[in-house]
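Visitor: could you look at this predicted model? Sequence included:
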Amino acid sequence: MTEKKSKITRSQFLGIAWGGSLALIFAQVAVALLRFIQPISTGGFGGLVYAGKIDEFAIDSVNRILAGRFFISRTPDGIMALWQKCTHLGCAVPWDEKEGKFHCPCHGSVFDVYGEVLSGPAPRALDYFPVEIKSGEVWVDTGTPTQRSKHDPSHITGA
Ligand code: FES
């Protein structure tokens, strides 16, 4: 009985090693690219953001949700997620608890609890994000801000 040994030449071995290394590199690049182009689905601005339990938001309160760059404004009518971005030149607009209004530090625009302009130069109401309340949890889709010229009650999600 003769035993046949398969021999692999040095150049074949190097070719296989080289090809394997290239395949690994391409696979890593492909995974990195996929992660880069994949939309952010949860957790941060640009995706679905968990704001908190509905009971955590008292009626007639405004709370900043830092991770989502928005404010949860809860009124007797319901709940809104207002983007903090000023509709004048884009400054972050803080909520002034004493005034009971949003007051832009850049050029002085003032907005009410619904994001409606009380005084300019802001040309329109603050943008808002869709809100969904599931099992008492408030979720906000920060990937789709809605622009509006004026506030309308239809922009509020009932709570
Ligand atoms: S950026 Fe807010 S008033 Fe100008």
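Guide: Nice, I can see it. Being a predicted model, the structure only gives us computed values, none of them experimental. Residues are numbered from 1 along each chain as shown.

Visitor: what domains does the record give for the chain?
Guide: Here the domain parsing of the chain from automatic domain parsing is 8-38, 48-155.

Visitor: using CSV, lay out these together with mean neighbour count and mean pLDDT.
Guide: The C-beta positions use only the backbone N, C-alpha and C, and glycine is treated the same way. Output for the domains of the chain, formatted as CSV (neighbours: other Cβ atoms under 10 Å; pLDDT from 0 to 100):
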stretch, mean neighbour count, mean pLDDT
domain 8-38, 9, 79
domain 48-155, 17, 94
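
Visitor: so which of these comes closest to the ligand?
Guide: Evaluated over the domains of the chain, closeness to the ligand peaks at domain 48-155, with 3.2 Å, by Cβ to the nearest ligand atom.

Visitor: how long is that closest one end to end?
Guide: With Cα to Cα, to the nearest Å as the measure, domain 48-155 spans 18 Å from end to end.

Visitor: that domain vs the ligand: in contact?
Guide: Yes: contact between domain 48-155 and the ligand, assessed by Cβ under 6 Å from any ligand atom, occurs at 86, 88-89, 91, 104, 106-109, 121-122.

Visitor: okay if I get those residues as CSV plus secondary structure?
Guide: CSV is the format used below for those (DSSP: H, G, I helix; E, B strand; the rest coil):
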residue, secondary structure
86, coil
88, coil
89, coil
91, coil
104, coil
106, coil
107, coil
108, coil
109, coil
121, coil
122, coil
